[in-house]
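In: my questions concern the predicted model and sequence given below.
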There are 2 protein chains.
Amino acid sequence: MKLYTSSFAPNPRRVAIFVAEKGISGIETVLVDLTASEHRSADFLAKNPFGRVPALELDDGRVLCESRAICSYLEAIYPLPNLMGTDAQERAFIEMADRRVELHLLSTIANCVRHTHPGLAMLEQPQFADFGASQGEKMREAVRWLDGELASHPYVAGERFTIADITAWCALEFARGLMKFKPGAEGFGQVQAWRDRMAERPATARS
Amino acid sequence: MKLYTSSFAPNPRRVAIFVAEKGISGIETVLVDLTASEHRSADFLAKNPFGRVPALELDDGRVLCESRAICSYLEAIYPLPNLMGTDAQERAFIEMADRRVELHLLSTIANCVRHTHPGLAMLEQPQFADFGASQGEKMREAVRWLDGELASHPYVAGERFTIADITAWCALEFARGLMKFKPGAEGFGQVQAWRDRMAERPATARS
């Protein structure tokens, strides 16, 4: 298997941390330079017509895209440690938590920075600054929800570390880097405490 | 189990068609009236803090939200007919196709209509019309991708009907209703032909 990926962006980081938490070794990594538009090259578009990383090329040449689909596949072939649930109910509730983080937190952060950050104009044209700013407000509503969740259980999906923590970590690191968002400074103490615990995990520290 | 849902909206429809394709009976259905803001009532927000339908209340009182997580759970407890893949690779590639449809097609349609349709101002405040219009263009790029996919295989994820067809159907029905979008009239002949085949399935005809 060969993983086409990049540094810094949240979706490549989701898969990188998932791989590190699983302790998977031996996946060849190919860095795609987004600043040089390598993701828009004909070679890469033949692998992923949407021009996005990460993309996992299997040994038979087929290319699996979409971060969560890549994680699902890796979970199936490297089942331990389990990060996506062990039975039907747990899997479904972890998927729910992961999707809530993705749809309400990661996507609002991504919309906000893509539409407001001058450095991301290369990724998003045209930029709609008013829309981007309103997404920043929706992001804070999602952080408020997450703060409430983390007041009643230590991890995003419940009592143990799962893929939903990885997605939330990557989302909030993205917001920390490009929006200078600090949960504790805005009154989200549970999210800040969770974030500080996550930062101590070897897999997040390395990513 | 009790399914809180509504008529017309694409996500409730995704689960309704999934249930119908599975031939599942016996799930009690409770209609939530979005036009009367029942989804923002205290009772419903206690079930889903994001105020969205569908939501599946399990017999132990826990509430599973997010359409795809609900489908994953139903797939696990009603495995036949299989709609989400039978082994690790097939499951991952179907998840990839379903996510591409959801992220590039359904979400651009939803953004377009929520930000441009006067009738949806109750769901989206403020509306950013320019952003909405640009999402309509991105939607057409996604339809172009889908047209290419359907030129090489009969269903969205490959050789057989899966959840990705359901998501694409619901997305395009949403666009047909609120954007008057007709794939064939805009040169997307493969999508139109696929759409017409889908319309003959008992589950879509009923939904």
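Out: Noted; the coordinates are in hand.

In: can you name the residues of chain A sitting close to chain B?
Out: A:49-50, A:58, A:62, A:64-66, A:68-70, A:72-73, A:76-77, A:88-89, A:91-93, A:95-96, A:99-100, A:103-104, A:115, A:126, A:128, A:130-131, A:134, A:145, A:148 (Cβ under 8 Å from any Cβ of the partner chain). Any C-beta I mention is one placed from the backbone N, CA and C, and that applies to glycine too.

In: now do the contacts for A:A171.
Out: Listed by Cβ atoms under 8 Å, 6 or more residues apart in numbering or on different chains, the contact set of A:A171 reads A:P10, A:V101, A:E102, A:L105, A:L106, A:I109.

In: report pLDDT for it.
Out: On the pLDDT scale, A:A171 is placed at 98.

In: still on that earlier bit, among the residues of chain A next to chain B, which ones are buried?
Out: A:64-66, A:68-70, A:72-73, A:89, A:91-93, A:95-96, A:99-100, A:103-104, A:115, A:128, A:131, A:134, A:145 (16 or more other Cβ atoms under 10 Å in any protein chain shown).

In: strands - which of the residues you listed land there?
Out: Taking DSSP state E, the ones among these that sit in strands are A:L64, A:C65.

In: now, the buried ones among the residues of chain A next to chain B that are in helices?
Out: Among these, DSSP state H puts A:68-70, A:72-73, A:89, A:91-93, A:95-96, A:99-100, A:115, A:131, A:134, A:145 in helices.

In: okay, domains of chain A per the record?
Out: Using automatic domain parsing, the domains assigned to chain A come out as A:2-77, A:88-206.

In: the ones you listed: which one's closest to B:A185?
Out: Nearest to B:A185 among the domains of chain A is domain A:2-77 (23.9 Å), distances taken as Cβ to Cβ.

In: gap between the closest one and the chain center?
Out: In terms of Cα atoms, centre = their mean, to the nearest Å, the gap separating the centre of domain A:2-77 from the centre of its chain is 12 Å.

In: what of stretch A:145-160?
Out: The answer for stretch A:145-160 is 18 Å, by Cα atoms, centre = their mean.

In: outside of stretch A:104-116, which residues touch it?
Out: Residues outside stretch A:104-116 that contact it (Cβ under 8 Å, 6+ apart): A:10, A:120, A:123-124, A:127-129, A:131-133, A:135-136, A:138-139, A:141-143, A:145-146, A:167-168, A:170-172, A:174-175, A:178-179, A:181, B:50, B:131.

In: surely A:A168 and A:L146 touch.
Out: Yes. Counting by Cβ atoms under 8 Å, A:A168 touches A:L146, with 6.7 Å between them.

In: so, low pLDDT: which residues of chain A?
Out: A:206-207 (pLDDT under 70).

In: show me where it has strands.
Out: Using DSSP E, strands in chain A cover A:2-5, A:28-31, A:55-57, A:63-65.

In: so which of the ones you listed is the most surrounded?
Out: Across those, averaging neighbours per residue (mean count of other Cβ atoms under 10 Å in any protein chain shown) puts strand A:55-57 on top, at a mean of 23.

In: give the partner strands of that one in its sheet and their orientations.
Out: strand A:2-5 (antiparallel), strand A:63-65 (antiparallel) (DSSP bridges).

In: next, format those as JSON lines and append distance to A:A42.
Out: Shown next, in JSON lines, are the strands paired with strand A:55-57 (distance: least, Cβ to Cβ, whole Å):
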{"stretch": "strand A:2-5", "distance to A:A42": "14"}
{"stretch": "strand A:63-65", "distance to A:A42": "14"}
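
In: for A:A16, which of those is the nearest?
Out: strand A:2-5 (6.8 Å).

In: all helices of chain A, in order?
Out: Under DSSP H, chain A gives helices at A:10-22, A:42-47, A:67-77, A:88-100, A:107-116, A:129-152, A:163-179, A:189-198, A:202-206.

In: return the set of buried residues in the first one.
Out: By neighbour count, and taking 16+ other Cβ under 10 Å as the criterion, the buried residues in helix A:10-22 are A:10-22.

In: how about the second one?
Out: Applying a neighbour-count criterion of 16+ other Cβ under 10 Å, one finds A:F44, A:K47 buried in helix A:42-47.

In: contact partners for A:P54?
Out: A:L3, A:Y4, A:T5, A:S6, A:N11, A:P12, A:V15, A:C65, A:S67, A:I70.

In: ok, and the closest non-adjacent residue to A:A203?
Out: A:A20 (3.6 Å; Cβ to Cβ, 6 or more residues apart in numbering or on different chains).

In: what about stretch A:110-122, how long is it end to end?
Out: 14 Å (Cα to Cα, to the nearest Å).

In: likewise for stretch A:187-203?
Out: 27 Å.

In: what does that stretch contact?
Out: A:17, A:20-21, A:143-144, A:146-148, A:150-151, A:154-156, A:161, A:165, A:169, A:172, A:182-184, A:204-205.

In: quick one: closest of the helices of chain A to B:V32.
Out: helix A:88-100 (17.8 Å).

In: so that closest one versus helix A:129-152, what angle?
Out: 140 degrees (axes from the mean of the first three to the mean of the last three Cα atoms, to 10 degrees).

In: who are the packing partners of helix A:88-100?
Out: helix A:129-152, helix A:163-179, strand B:63-65, helix B:67-77 (3 or more Cβ pairs under 8 Å, 6 or more residues apart in numbering or on different chains; DSSP states H and E).

In: and A:G26, which of these is closest to it?
Out: Once the helices and strands packed on helix A:88-100 are compared by Cβ to Cβ, helix A:163-179 is nearest, at 20.4 Å.

In: export the closest one as PDB, just CAs?
Out: C-alpha atoms of helix A:163-179 as PDB (Å, rounded to 0.1, in the frame of the first residue of the first chain):
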ATOM      1  CA  ILE A 163     -11.600   8.000  15.800                       C
ATOM      2  CA  ALA A 164     -13.900  10.800  16.900                       C
ATOM      3  CA  ASP A 165     -11.100  12.100  19.200                       C
ATOM      4  CA  ILE A 166      -8.700  12.100  16.200                       C
ATOM      5  CA  THR A 167     -11.100  14.000  14.000                       C
ATOM      6  CA  ALA A 168     -11.800  16.600  16.800                       C
ATOM      7  CA  TRP A 169      -8.100  17.000  17.500                       C
ATOM      8  CA  CYS A 170      -7.300  17.600  13.800                       C
ATOM      9  CA  ALA A 171     -10.200  20.100  13.600                       C
ATOM     10  CA  LEU A 172      -9.100  22.100  16.600                       C
ATOM     11  CA  GLU A 173      -5.400  22.000  15.600                       C
ATOM     12  CA  PHE A 174      -6.500  23.500  12.300                       C
ATOM     13  CA  ALA A 175      -8.400  26.200  14.100                       C
ATOM     14  CA  ARG A 176      -5.500  26.800  16.500                       C
ATOM     15  CA  GLY A 177      -3.100  27.300  13.600                       C
ATOM     16  CA  LEU A 178      -5.200  29.300  11.200                       C
ATOM     17  CA  MET A 179      -7.900  31.000  13.400                       C
END
